[in-house]
Each structure stands twice: as C-alpha cells, then as structure tokens.
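*Asks:* Please find the sequence and the predicted model below.
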Amino acid sequence: MSYAIMGVDPVSTAPKSHGLEEPWKRCGSRLRAELGEDIFTSWFGRLELEAFANGQARFTVPTRFLKSWIESHYVDRILAALNSEIGGISGLAISVRSSTHSPACAAGPAMVRDAARNEPHTAGLGVAPPQEAASGRAPVRRNDGAIAQDSLSGSPLDRRLTFATFLVGRSNQLAYAAAQRIIEAKSGQLPAFSPLYIHAAVGLGKTHLLQALAHSAVSQGRRVIYLTAEKFMYGFVAALKAQTAIAFKESLRSIDLLIFDDAQFLQGKSIQTEFCHALNSLVDAGRQVVVAADRPPGDLEALEERVRSRLAGGLCVEMGALDEPLRIKILEARIAAAQATQPNFEVSPTVLAFVAKSINSNGRDLDGAVNRLLAHTTLTGAALSVETAEIAIRDLVRTREPKRVKIEDIQKLVASHYSVTRADILSSRRTATVVKPRQIAMYLAKTLTLRSLPEIGRRFGGRDHTTVLHAVRKIEGLSHADRSLNEELELLKRMLQD
C-alpha cells in the first residue's frame, strides 16, 4: 500500500507523487546509525507510521510511557530525519493505539516525538497525558504486563533490617538523616534530593539502611521496589527473552521509590542503557531514587560516563568506617540478642571494650566476634576474660582488611610532599618540578589501587593510558637505580596505607 496516498489530506505538504515507504525506511536507517542499535531497538521498534497530513507525520505506539519518552527525547531527531529524506514535515503527532488497532501503514521503523510539544513528563506516573484524557482513550494494558511484573518483583527483604534495629553513629548519621527525610516526605511532594547515592565498603550497614527504607515506604502504602543489580539484570534479560521488554520498562517507571543496591555489579551495555533510561525517567518525573554501591560514582569504572554523571548529580553520602562508640553499640545489641537464647552468656565491659578496639573493620566481623565469644562460653563453660577473648577473635584481628587507598589521597600526598598543588599534577604543565611528582603519583596509583590504566589516566586530567604506562615504567626503572628515590616511594606507600 502506498505511503503517498494513505491518509494524506489533499492540502498536505508532504510529497504525493512518489511512495514514501522507501524514504521512510531510509529515515529508520539514519536514526539507527545516529543512535545505535540498542537505543533504536528499545525506543523505535514499536513505533508505527499512520499517515502524513497537513505537513504533520502521524505515529502510534502501544503504551503511554513509550509515547511520553519519545516525545521528550527524540522528536528533533525524527523531524530532522524525515525532512532529510522526505521534506515538508513541520511537526509530529503521536497517539497510543488500542490492542486491537491494525494500522494502515504498519511497515517501516518505529519512531515518535513532537518537538513542538511542551507537556509534563508523565513516564511512570500512571496518569494519562492531557491529550489522552481529553480524548477518553483508555490506557493500554497488555497481557504481557504480568510477565514483566514477575520479572520486576524485586529482591527479597529481610524483616530484621528495619530502622528499629539500625544503630546510628557519626559514620552513618548523614546517610540515616537522608533516609529519614525521604520517609518523612509528604505524598506528592517533590524529593529534596534524587537520586540519593550512598557508598560504603563491605559490612558498614548500607544494605541494612536501604532495606529499612524499603520497609518503611511499604508500610506507608508507597509503590516501592528494592532491587539489587543482579536482580535487575536477571529481570531485564528475562523480559527480553519473553519479548516483554516494553512492559518491563513501563512497570519499572510506575513506582514511587526505586531502591537500587550493589550498583558496582551492573554490567552490559544494553542493561546499563536501560538502567540509565529508567533513572532519568524517574528523576525527571519527580520520583525518588536511592542507589548504593561500594565506591563513589566516579570510581565505578564499569559504568558508562552518563550513568556515573547522573548518579553524581544527586546527593552523594559516604558511610565511613565504624567509630568505636558505634562498634560498642553494635556489640551490645548482638550480645543482647544472643542472651535471648543463652541467658548465661555474659560479657564484661572490659572484654566488650577490648573487642570493640581490636576489630574496627566492619559490622560482619563484629557479628563473627560475638559468635566466637558465645561458642567459647557455651563449649568450655569458662568465664570470658580479655585473654580468652583475644584467643577467640584472633583470626578476625589478623585478617582485618587493609586501608583502601584512593587516587585522590595519592595526588594530595604526593603534591604536598613535593611542594606542588594537586591542580599542578592534573594540569598539562610539563616542567620538571611537576612532571616528576605527576609520574610518581601515577606509579603509586597503579601500585596501590586496582584501577586500570585508562581509569588512572582519566583521573589525572584525562590523559591517555599510554602516558600512565610510560610513567609507571619510568619510575620503576629509576627506583631500581636511585636508592633515595626508592626510599621516598616506600615512605609514601607507608603513609598512604597507615
């Protein structure tokens, strides 16, 4: 059927003399080349061309979310492609088709969006856009929604991880206050900060805080989902296999609060792209997003730059190492829980203080310490002393994790040691007084961190990885021949690791 005559008004400015099917296919090829296969398939695969009339291209899509997303992000590109291949197109109109709709022009790539529109972004709000409400068009509900919802059921919550059992200290006070602000927000109120990004090393309580937040939000009747990176990746892949990706995306964007844990494990270009789209959609729609990982956004090397940038654009909070008063609180709570089943389990204040001082790595090691003390008491029947406690927990003390060195700390220490500034090290200056400290800092970054050469180069003013490799090899060679330089390097390493 010819695109040139199907549904075209007699006063249409679109060409009539030739069929438009081939030019329209070329539009799709142009968009695919500009945007990439993943984005094109995700957002344009279900778009159908209805007609050209009065200089306007008319499209349909199966869901309100897809309509809103294309209108918000891709109208200009579609108009440019249409006018390059066809010409005479001044605007786009997009509507949501019913499940029984059979378009007259169902061939060609799918696409959407209207640059002239200025409608509020409604992705995930569960409310029909104004033009749909006015027309009385019912929201489309696909049968595959149930499948997508199953894929998006969320990770299980531990009923013990609530705010009632979360202990607050100096190291986690800010993160706790931010979580409380989210819970205290009134219905319909825009979030004070979204996304909220929480990062902490293993065992410092970030998952406990996230699950406590999820429990409280559910009790308030909010639409909330708690997802680990693993669960999100599994759900997305399952939706792709079941051909329910659109329903999966729409389900994800219909919630009030997204809590996303272990972001450092998010892998795969298409999965990261989808996560980025969901993140942008929820934040732009005024929804609350909370993301947690084991490092700051800038250190998530596996994530694309646009994802890191969006995460860094919110409120970033670090949950630091447990201070001694907080460690004592945790030990007291664990001992009290153990006494519920073992009433004879007693730990003196002296032993408690010794354990809190000896184990300063994370909360999981504190749990292990209480288990070892309990086992010693119940198996031997002897009272606990500092000496027996030292024997019971010595493996935990010995295997304590070393301090994790950060590239920023290396840059600051080296700059101070060589009487230059960190800005000098990151600059393009090539004077001898700056080049040597810069190369030493790169060498230490490669030696003391797990960062890759490209990542180190990026953190040193956007330098190429070959520059970093040259610096590392040069300092290694000089240190073998220059004893004083070798001693300086060892001193810097000790200062950074202590």
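*Replies:* On my side now, so go ahead. These figures come from a predicted structure and were not determined experimentally.

*Asks:* Which parts of the stretch 251-400 of the chain are helices?
*Replies:* For the stretch 251-400 of the chain, the helices defined by DSSP state H, counting those that start in this stretch occupy 269-284, 305-312, 324-339, 349-358, 363-380, 386-398.

*Asks:* deepest of these, which one?
*Replies:* Ranked by mean neighbour count, the helices of the stretch 251-400 of the chain are led by helix 269-284 with a mean of 19 (mean count of other Cβ atoms under 10 Å). To be clear about C-beta, it is placed using only N, CA and C from the backbone, and glycine gets the same treatment.

*Asks:* okay, and for this protein, where does confidence drop off?
*Replies:* Low-confidence regions of the chain, defined by pLDDT under 70, span residues 1-21, 38, 42, 65, 98-154, 398-403, 498.

*Asks:* can you map out the strands along it?
*Replies:* Under the criterion DSSP state E, the chain carries strands at the ranges 48-53, 56-61, 91-96, 196-199, 224-228, 257-261, 288-293, 315-318.

*Asks:* any chance of the helices of the stretch 251-400 of the chain in JSON lines, with distance to residue 222 too?
*Replies:* Formatted as JSON lines, the helices of the stretch 251-400 of the chain follow (distance: least, Cβ to Cβ, whole Å):
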{"stretch": "helix 269-284", "distance to residue 222": "13"}
{"stretch": "helix 305-312", "distance to residue 222": "22"}
{"stretch": "helix 324-339", "distance to residue 222": "28"}
{"stretch": "helix 349-358", "distance to residue 222": "37"}
{"stretch": "helix 363-380", "distance to residue 222": "28"}
{"stretch": "helix 386-398", "distance to residue 222": "39"}
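
*Asks:* closest to residue 169 out of these?
*Replies:* helix 324-339 (2.9 Å; Cβ to Cβ).

*Asks:* Give me the angle between the closest one and helix 349-358.
*Replies:* 120 degrees (axes from the mean of the first three to the mean of the last three Cα atoms, to 10 degrees).

*Asks:* how far does helix 324-339 sit from the chain's center?
*Replies:* 32 Å (Cα atoms, centre = their mean, to the nearest Å).

*Asks:* ok, residues contacting it?
*Replies:* Helix 324-339 is contacted from outside by 165, 167-172, 322, 345, 347, 352-353, 355-357, 359-360, 363, 366-367, 369-370, 374, using Cβ atoms under 8 Å, 6 or more residues apart in numbering.

*Asks:* closest to residue 24 out of the strands of the chain?
*Replies:* Judging the strands of the chain by Cβ to Cβ, what sits closest to residue 24 is strand 48-53, at 6.1 Å.

*Asks:* related to what we said a few turns ago, identify whichever of the helices of the stretch 251-400 of the chain lies nearest to residue 444.
*Replies:* Nearest of the helices of the stretch 251-400 of the chain (Cβ to Cβ): helix 305-312, 23.5 Å.

*Asks:* for the closest one, packing partners?
*Replies:* Secondary-structure packing of helix 305-312 (3 or more Cβ pairs under 8 Å, 6 or more residues apart in numbering; DSSP states H and E): helix 269-284.

*Asks:* Residue 352 - nearest residue in space that isn't next to it in sequence?
*Replies:* residue 331 (5.8 Å; Cβ to Cβ, 6 or more residues apart in numbering).

*Asks:* Distance of the one you found relative to residue 77?
*Replies:* 59 Å (Cβ to Cβ, to the nearest Å).

*Asks:* again, but for residue 364
*Replies:* For residue 364 relative to residue 77 (Cβ to Cβ), the value is 49 Å.

*Asks:* ok, now residue 43?
*Replies:* As judged by Cβ to Cβ, residue 43 and residue 77 stand 11 Å apart.

*Asks:* Now the common contact residues for the two.
*Replies:* Going by Cβ under 8 Å, 6+ apart, no residue sits against residue 43 while also sitting against residue 77.

*Asks:* Tell me which of these two has more neighbours.
*Replies:* residue 43 (24 against 18; other Cβ atoms under 10 Å).

*Asks:* pretty sure the more buried one is in contact with residue 66, am I right?
*Replies:* Yes - between residue 43 and residue 66 a contact is recorded at 7.1 Å, counting by Cβ atoms under 8 Å.

*Asks:* dump the residue contacts of residue 168.
*Replies:* Counting by Cβ under 8 Å, 6+ apart, residue 168 has contacts 176, 326.

*Asks:* and if we set it to 7 Å?
*Replies:* residue 176 (Cβ atoms under 7 Å, 6 or more residues apart in numbering).

*Asks:* if I look at it, how far off is residue 329?
*Replies:* Distance of residue 168 to residue 329, given as Cβ to Cβ: 8 Å.

*Asks:* how does the chain divide into domains?
*Replies:* Using automatic domain parsing, the domain parsing of the chain gives 21-137, 163-318, 324-398, 407-497.

*Asks:* Could I get those domains in JSON lines, plus columns for distance to residue 157?
*Replies:* Converted to JSON lines, the domains of the chain look like this (distance: least, Cβ to Cβ, whole Å):
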{"stretch": "domain 21-137", "distance to residue 157": "22"}
{"stretch": "domain 163-318", "distance to residue 157": "5"}
{"stretch": "domain 324-398", "distance to residue 157": "18"}
{"stretch": "domain 407-497", "distance to residue 157": "31"}
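
*Asks:* of all these, which lies closest to residue 156?
*Replies:* domain 163-318 (8.5 Å).

*Asks:* how far does the closest one sit from the chain's center?
*Replies:* Put simply, domain 163-318 sits 7 Å off its chain's centre (Cα atoms, centre = their mean).

*Asks:* How about stretch 462-474?
*Replies:* With Cα atoms, centre = their mean, you get 29 Å for stretch 462-474.

*Asks:* just stretch 326-343 next, same as before
*Replies:* 34 Å.

*Asks:* Just the C-alpha atoms of it, please, in CSV.
*Replies:* Taking C-alpha atoms only, stretch 326-343 is exported to CSV below (Å, rounded to 0.1, in the frame of the first residue of the first chain):
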residue,chain,number,x,y,z
LEU,A,326,29.2,2.7,67.3
ARG,A,327,31.1,-0.6,67.4
ILE,A,328,30.3,-0.9,71.1
LYS,A,329,26.6,-0.2,70.4
ILE,A,330,26.6,-3.0,67.7
LEU,A,331,28.3,-5.5,70.1
GLU,A,332,25.9,-4.7,72.9
ALA,A,333,22.9,-5.3,70.5
ARG,A,334,24.4,-8.6,69.2
ILE,A,335,25.1,-9.8,72.8
ALA,A,336,21.6,-8.9,73.9
ALA,A,337,20.1,-10.9,71.0
ALA,A,338,22.3,-13.9,71.9
GLN,A,339,21.3,-13.7,75.5
ALA,A,340,17.7,-14.3,74.5
THR,A,341,18.6,-17.9,73.8
GLN,A,342,21.6,-18.2,76.0
PRO,A,343,20.8,-16.4,79.3
